[in-house]
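>>> Sequence plus predicted model, see below.
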Amino acid sequence: MQIVRQLDPLRDALAEFRKAGAKIGLVPTMGALHAGHMRLVEVAMEQCDAVVASIFVNPTQFGEGEDLDAYPRQEATDAALLKAAGVSLLWAPTADQVYPKGYATQISVSGISDGLCGAARPGHFDGVATVVAKLFNQVRPDAAFFGEKDYQQLAVIRRMARDLDFTHDIIGVPTVRDSDGLALSSRNAYLTAEQRANAVALPDTMREAANAIAAGGPVAAILEAAKARMLASGFHKIDYLELRNAETLAELDVFAAPARLFGAAHIGRTRLIDNIPVS
Ligand code: PAF
């Protein structure tokens, strides 16, 4: 596996893949890889001939007071995992290859970025859309792979790709969970043992609420009761627990398919998010 940090050698390597007729898959990440990322790689390997993984902890998607400095960085371990999985190239750009001096352009996807994590983390999706557009232009993949764990991010990226005429496939990959149901996340590493044990209240409560809503129960009352249960189980702040249309992300007061339940809550210093289908 080649590890490339500069754009010129990246373009040379990609030209070689294309000359060989390879279908190129891109798996964008911020590193600290876990089984969820490796599932993206696995799906990319199944669908493509050459897989490029990127690791770049993108500063523009972190707000003030968020965990940019604390975000886990472990490139050597990540590189070993990617190599063992059969990835052809690791694109680990230096910051100036993504944001050169004088960089002034930002992509903002209105509407779909506004609620949920967009409301809780102002500017977050502008940073995501901008860096993902840059990665798409740098790698020019035939397909790019993203986890459904960040469902709103996936929706923002799909809309950005459609609006800006990126023609490659955007593939969403179902969330990978620990055996107790907690969605895998690089941020789970921040949890103490006690917080980790309590964190399962997020998926548990969401699953119960989703079942009650699908059975025809009153949405607002079910969501209020679910929030109270989470607050009684070790979470100290809930950013949102909302029922939304799974395609448009429009908020739903009454259940109508296709629907998805979205949650974000804080436990200790860690903010966890999750989403599940309601059907
Ligand atoms: O999901 C992530 O890891 C990041 O938001 C992404 C898509 C790599 C952009 O920095």
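Yes, it's here.

>>> Assign the residue nearest the centre of the chain to one of the three secondary structure states.
In the chain, the residue lying closest to the centroid (C-alpha atoms, centre = their mean) is Asp150, at 3.7 Å. Secondary structure, DSSP: H, G, I helix; E, B strand; the rest coil: Asp150 is helix.

>>> Give me the pLDDT for it.
Note on Asp150: pLDDT of 98.

>>> Residue numbers of the stretch 1-150 of the chain in contact with the ligand?
For the stretch 1-150 of the chain, the residues in contact with the ligand (C-beta under 6 Å from any ligand atom) are 28-30, 58, 61, 128, 131-132, 150. Quick note: C-beta positions are derived from backbone N, CA and C, even for glycine.

>>> rerun that using 8 Å as the cut-off
Applying C-beta under 8 Å from any ligand atom, we find that the stretch 1-150 of the chain lies next to the ligand at 28-30, 54, 56-58, 61, 127-128, 131-132, 135, 146-147, 150.

>>> In helices, which of those fall?
Counting by DSSP state H, those place 127-128, 131-132, 135 in helices.

>>> any idea of the pLDDT on the nearest residue to Gly86 once chain neighbours are set aside?
With C-beta to C-beta, 6 or more residues apart in numbering as the criterion, Gly86 has its nearest non-adjacent residue at 5.6 Å, and that residue is Met45. Listed pLDDT for Met45 reads 98.

>>> State the distance from Met45 to Ala32.
Met45 is 20 Å from Ala32, where distance means C-beta to C-beta, to the nearest Å.

>>> secondary structure class for the residue nearest to Gly86?
When classified by three-state DSSP, Met45 comes out as helix.

>>> so what's Asp178 up against?
By C-beta atoms under 8 Å, 6 or more residues apart in numbering, the contact set of Asp178 is Leu184.

>>> what number of residues lie near the residue nearest to Gly86?
As a burial measure, Met45 scores 18 neighbours (other C-beta atoms under 10 Å).

>>> wait, doesn't it sit right on Val51?
Yes. Counting by C-beta atoms under 8 Å, Met45 touches Val51, with 5.6 Å between them.

>>> As PDB, could you dump the C-alpha coordinates of stretch 147-161?
What follows is stretch 147-161, C-alpha atoms only, in PDB (Å, rounded to 0.1, in the frame of the first residue of the first chain):
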ATOM      1  CA  GLY A 147     -21.400   5.100   6.900                       C
ATOM      2  CA  GLU A 148     -25.100   5.500   7.600                       C
ATOM      3  CA  LYS A 149     -24.100   6.100  11.300                       C
ATOM      4  CA  ASP A 150     -23.600   9.700  10.100                       C
ATOM      5  CA  TYR A 151     -26.900   9.600   8.200                       C
ATOM      6  CA  GLN A 152     -27.400  13.400   7.900                       C
ATOM      7  CA  GLN A 153     -23.800  13.700   6.700                       C
ATOM      8  CA  LEU A 154     -24.500  11.100   4.000                       C
ATOM      9  CA  ALA A 155     -27.700  13.100   3.000                       C
ATOM     10  CA  VAL A 156     -25.700  16.300   2.800                       C
ATOM     11  CA  ILE A 157     -23.000  14.700   0.700                       C
ATOM     12  CA  ARG A 158     -25.500  13.100  -1.700                       C
ATOM     13  CA  ARG A 159     -27.200  16.500  -2.200                       C
ATOM     14  CA  MET A 160     -23.800  18.300  -2.600                       C
ATOM     15  CA  ALA A 161     -22.700  15.700  -5.200                       C
END
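
>>> same question for stretch 59-74, mean pLDDT?
The model assigns stretch 59-74 a mean pLDDT of 96.

>>> Okay, buried residues for it please.
The neighbour-count criterion (16 or more other C-beta atoms under 10 Å) identifies 60-62, 71-72 as the buried residues of stretch 59-74.

>>> next one: stretch 243-263
By neighbour count on 16+ other C-beta under 10 Å, the buried set for stretch 243-263 is 243-244, 246, 249, 252, 255, 259-263.

>>> What sits closest to the residue nearest to the centre of the chain if chain neighbours are left out?
In space, and not counting its chain neighbours, Asp150 is closest to Ile273: 7.4 Å by C-beta to C-beta, 6+ apart.
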